[in-house]
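Enquirer: when you get a sec, could you give me coordinates for this:
(2 chains)
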Amino acid sequence: GESVGLHLPTLSVQEGDNSIINCAYSNSASDYFIWYKQESGKGPQFIIDIRSNMDKRQGQRVTVLLNKTVKHLSLQIAATQPGDSAVYFCAENSGTSYGKLTFGQGTILTVHP
Amino acid sequence: DTEVTQTPKHLVMGMTNKKSLKCEQHMGHRAMYWYKQKAKKPPELMFVYSYEKLSINESVPSRFSPECPNSSLLNLHLHALQPEDSALYLCASSLGTGPQETQYFGPGTRLLVL
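Expert: This next block holds a predicted model:
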């Protein structure tokens, strides 16, 4: 079936480094992608989104890149801080009209001081 | 304000109990969702309400019964649950259910079924 997946389940970085979290998706019809951050004991928090008519979008310290040719999505976090430590999920909208999101398996980001 | 609230934060119930989870948002969103999340796994969609009508049921067992009393409230009624139903139950909302709508999540209710 269609799925959204991640290349790396864990990522460990030093404070101040840049982090890159990757996500592969398989539904070529998907036209909307979201990155969520989930801290321990909390619900997923919206970070940034991107539509399929774009290949890059920037937020505060975060950038999402979309490569539709290879169905790849990445989240770049600049100057990573200990507060960025969390599980990061990519999610895609399957293209139906009901807002159904399909989540990737998640990447655990650990930032060491 | 992108806040979705959920009560209770934690719930312990026996297999014969009846309980309800509650979710509320005041962002004027017309779509609301229930997700189930097991430890170290991504959220899994259970139900979608659009304009207070159930639009998606992801083949969820009948021991879970959703209810949308009005556009701001979403309930999940629980009855005769099994221990494997223990999980984090997340509520989310979005402005609509179009293909490019952002879903905003609540903090979840952590449920333990004994």
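
Enquirer: would you list every one of the strands in chain A?
Expert: Applying DSSP state E to chain A gives strands spanning A:4-5, A:10-14, A:19-25, A:32-38, A:45-51, A:56-58, A:62-67, A:72-77, A:86-93, A:101-103, A:107-112.

Enquirer: wait, what's in contact with residue B:15?
Expert: Counting by Cβ atoms under 8 Å, 6 or more residues apart in numbering or on different chains, residue B:15 makes contact with B:80-83, B:113-114. From N, CA and C alone the C-beta is placed, and that goes for glycine too.

Enquirer: quick check, it in a strand?
Expert: No. Assigned with DSSP: H, G, I helix; E, B strand; the rest coil, residue B:15 falls outside any strand and is coil.

Enquirer: against residue B:37, how distant is it?
Expert: Remark: distance between residue B:15 and residue B:37 (Cβ to Cβ, to the nearest Å) = 21 Å.

Enquirer: got JSON lines for the strands of chain A, with mean pLDDT, distance to chain B and mean neighbour count too?
Expert: Output for the strands of chain A, formatted as JSON lines (pLDDT from 0 to 100; distance: least, Cβ to the nearest Cβ, whole Å; neighbours: other Cβ atoms under 10 Å in any protein chain shown):
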{"stretch": "strand A:4-5", "mean pLDDT": "56", "distance to chain B": "9", "mean neighbour count": "18"}
{"stretch": "strand A:10-14", "mean pLDDT": "95", "distance to chain B": "11", "mean neighbour count": "13"}
{"stretch": "strand A:19-25", "mean pLDDT": "95", "distance to chain B": "11", "mean neighbour count": "20"}
{"stretch": "strand A:32-38", "mean pLDDT": "96", "distance to chain B": "4", "mean neighbour count": "23"}
{"stretch": "strand A:45-51", "mean pLDDT": "96", "distance to chain B": "6", "mean neighbour count": "17"}
{"stretch": "strand A:56-58", "mean pLDDT": "98", "distance to chain B": "13", "mean neighbour count": "13"}
{"stretch": "strand A:62-67", "mean pLDDT": "98", "distance to chain B": "13", "mean neighbour count": "18"}
{"stretch": "strand A:72-77", "mean pLDDT": "97", "distance to chain B": "15", "mean neighbour count": "20"}
{"stretch": "strand A:86-93", "mean pLDDT": "94", "distance to chain B": "5", "mean neighbour count": "24"}
{"stretch": "strand A:101-103", "mean pLDDT": "91", "distance to chain B": "4", "mean neighbour count": "23"}
{"stretch": "strand A:107-112", "mean pLDDT": "96", "distance to chain B": "9", "mean neighbour count": "17"}
